[in-house]
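1. need coordinates for the following:
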Amino acid sequence: MTVTKAGHSDQPQRAPGPAAAAPASGGSPAALPGRQPWPYLALLIPPTGIPAVRKHLAARRAARTGDSFAARALAAEAATWSWYSAALAFTLLLVAFAVLFLTANDHAVIQKFFNPGVLRSSAPAVLRGFLVNVELFLIAEVLVLPWALFVACLRMLPGPASRPIRALGIGYVDLFRGLPAVVAIYLIAFGFPIAGLPVLGSMTGFELCVLALVLIYGAYVSEVFRAGLQSVHWSQAAAARSLGLSYVQTLRHVIAPQAIRRMIPPLLNDFIGLQKDTALVSFVGLLDAFNQSRIVASNEFNLSAVTGVGIAFVLITIPTARLVDRLTARDARRRQGSLA
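-> Numbering: from 1, shown residues only. Okay, the predicted model is just below:
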């Protein structure tokens, strides 16, 4: 046998047999996904495990007959049923753990956290305090929007002459985003009256708590506004300015209408956080729902009233959370439609 300069032998090559041609026709049966043994674990959950095993066995039969496409399709269905079994098993484990947790130590958790008698007797006082929380976040939400938009516009002012104003906006945002909310509320609610400032020192505790929440969430919401406004392509602003619109007119008539739809989901997320953070005003002595429940808990030596406060907050935040999910999904569908 001689070898050519290119390194190939001059011996005639043997034609590939059926074994060598098998991978080109779809792969050997051992390489097919139907050979995996994991679907048998799905039998731990019979309603979904039995279909998983059936699809798995059907995939193996299809693999033995050489129908690789049917084998892969059946193996994918077996995997889907197996994932159903895994999800159900995980859910059942969590439910079992919750039942064991609630019934441990002679139902101590139920008696101390979900006592029906304490929940019923404390409901009037907790609801009166919860109205304070609702009033707080409604007023704060209304005031946060214009204040945050003003700060965002300050941070977006163009030109080197606006650099000091932009620096003030950056300093405000960095300060109140880095400062813990409870510290800011404590300093404002107690510090301003102690300092005896002409206007701020004569404000009530409720008004000072509203001011603190507006300053805290104004920093967060201003970043949402700024990100939404800057997400609009620069060519939109350039086209508007070339038509003679001023900077403010461009923001109002061109940029803001396009950015609003993108800003609504993160804005609602921030407002959910604002609703929950109204409970922090209890540290400055405001008789909100949490303070009322603490009074009941100290008298009854039972935390069911505090649990009632948590349930009330969850009930008012769930609709907003579902609205956020719906708006996010609608925005994703709109973007997919525009790309198509």
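
2. residues contacting the spatially most central residue of the chain?
-> Centroid check for the chain by Cα atoms, centre = their mean gives Asn269 as the closest residue, at 7.8 Å. Residues near Asn269 by Cβ atoms under 8 Å, 6 or more residues apart in numbering: Val324. The C-beta positions use only the backbone N, C-alpha and C, and glycine is treated the same way.

3. how close does it get to Val324?
-> Remark: distance between Asn269 and Val324 (Cβ to Cβ, to the nearest Å) = 6 Å.

4. same deal with Ala289?
-> 23 Å.

5. of these two, who's got more company?
-> More crowded of Ala289 and Val324, by other Cβ atoms under 10 Å: Ala289, with 27 against 18.

6. quick one: pLDDT of that one?
-> Note for Ala289: predicted pLDDT of 93.

7. next: Val281.
-> pLDDT, Val281: 92.

8. so it touches Ala289, yeah?
-> No - using Cβ atoms under 8 Å as the test, Val281 is too far from Ala289 to be in contact (10.2 Å).

9. what sits in contact with each of those two?
-> With Cβ under 8 Å, 6+ apart as the test, Val281 and Ala289 both reach Asn133.

10. first to last residue in stretch 280-294, what's the distance?
-> 13 Å (Cα to Cα, to the nearest Å).

11. ok, residues contacting it?
-> Against stretch 280-294 from outside (Cβ under 8 Å, 6+ apart): 122, 125-130, 132-133, 136, 181-182, 185-186, 189-190, 205-206, 208-209, 278-279, 305-306, 308-309, 312.

12. give me the ChimeraX select line for these, limited to the buried ones.
-> Selecting the buried subset of those in ChimeraX, with 16 or more other Cβ atoms under 10 Å as the burial test, is done by:
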select :122,125,126,129,130,132,133,136,181,182,185,186,189,206,208,209,278,279,305,306,308,309,312
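
13. looking at the contacts of stretch 280-294, which are in helices?
-> 122, 125-130, 132-133, 136, 181-182, 185-186, 189-190, 205-206, 208-209, 305-306, 308-309, 312 (DSSP state H).

14. quick check: buried residues in stretch 139-155?
-> 139-141, 143-145, 147-149, 151-155.

15. cool, and stretch 298-311?
-> 302-310.

16. next, format those residues as TSV and append distance to Ala238.
-> Shown next, in TSV, are the buried residues of stretch 298-311 (distance: Cβ to Cβ, whole Å):
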residue	distance to Ala238
Asn302	64
Leu303	59
Ser304	61
Ala305	59
Val306	55
Thr307	56
Gly308	56
Val309	52
Gly310	50
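
17. which pair of those residues spans the longest distance?
-> Greatest spacing in the buried residues of stretch 298-311, by Cβ to Cβ: Asn302 and Gly310 (14.4 Å).
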